[in-house]
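**Q** Sequence first, then the predicted structure, then my questions.
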Amino acid sequence: MPISASEPASPAGTEDSPAGTDRALDPTSLPAGETVPLLTGALCRAVPEFVTRFLTLVDGCGDDPGEPLVLMELADFVSEHLDAIRSERSLLVRALATVEAHLESISHDPIGCEFVAFAFFDSFTPEVRQRLVHEVGPRSRRLIEALDHPDAEWASDW
């Protein structure tokens, strides 16, 4: 279901309509009777990161790539982001596992463990530390909990 040219659109350059997208997405810029497909407008407003790729399609297809081509390009876009998530996830797991292994190797040294707590975990905001709690091992988790509860005593054996 297309958006009619009489419907209001977000001004170009706002968060909802990034600069340069008005030609393809702003129904008010269209001649009377022309429309923007609902999928296209909604997609580019909801996923502004996709707008550049959409505009490349528009330029390559004479302003009308059609929904099948837009959906195929969106699938490629999503696939690339899934690959990036997988890669980033691997990096996160490896980094946190290394910190956990280091804590294991210095578990007899409370000063060393405290150093890791303040040098590494305290560098994160409390909100990020709470997100990390589900990603780290037991020694790291105890350090995070100690940082987030200042009245807690530091354990002698981490």
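**A** It's in.
**Q** and the helix or strand in which Met72 is found, what does it pack onto?
**A** Met72 belongs to helix 67-105 when assigned by DSSP states H and E. Under the contact definition 3 or more Cβ pairs under 8 Å, 6 or more residues apart in numbering; DSSP states H and E, helix 67-105 sits against helix 38-46, helix 51-60, helix 110-119, helix 138-148. Using the backbone N, CA and C atoms, a C-beta is placed for each residue, glycine as well.
**Q** Check the model's average confidence along the first one for me.
**A** Read it as helix 38-46. The average pLDDT for helix 38-46 rounds to 81.
**Q** can you check the longest one too?
**A** With pLDDT averaged residue by residue, helix 138-148 scores 92.
**Q** Now it: buried residues?
**A** Using 16 or more other Cβ atoms under 10 Å as the burial criterion, the residues of helix 138-148 that qualify are Arg139, Ser140, Arg141, Arg142, Leu143, Ile144, Ala146, Leu147.
**Q** Going by distance to Asp76, which of the residues you listed wins?
**A** Ser140 (37.0 Å; Cβ to Cβ).
**Q** What separation do you get for that closest one and Asp63?
**A** 53 Å (Cβ to Cβ, to the nearest Å).
**Q** now swap in Gly137 and tell me
**A** Gly137 is 54 Å from Asp63, where distance means Cβ to Cβ.
**Q** His134: what secondary structure?
**A** coil (DSSP: H, G, I helix; E, B strand; the rest coil).
**Q** burial measure for it, as a count.
**A** 7 (other Cβ atoms under 10 Å).
**Q** wait, what's in contact with it?
**A** For His134, no contacting residues are found, by Cβ atoms under 8 Å, 6 or more residues apart in numbering.
**Q** same check, this time on Phe124
**A** Leu132.
**Q** got it, and Gly137?
**A** Going by Cβ under 8 Å, 6+ apart, Gly137 touches Leu96, Ala97, Glu100, Leu103.
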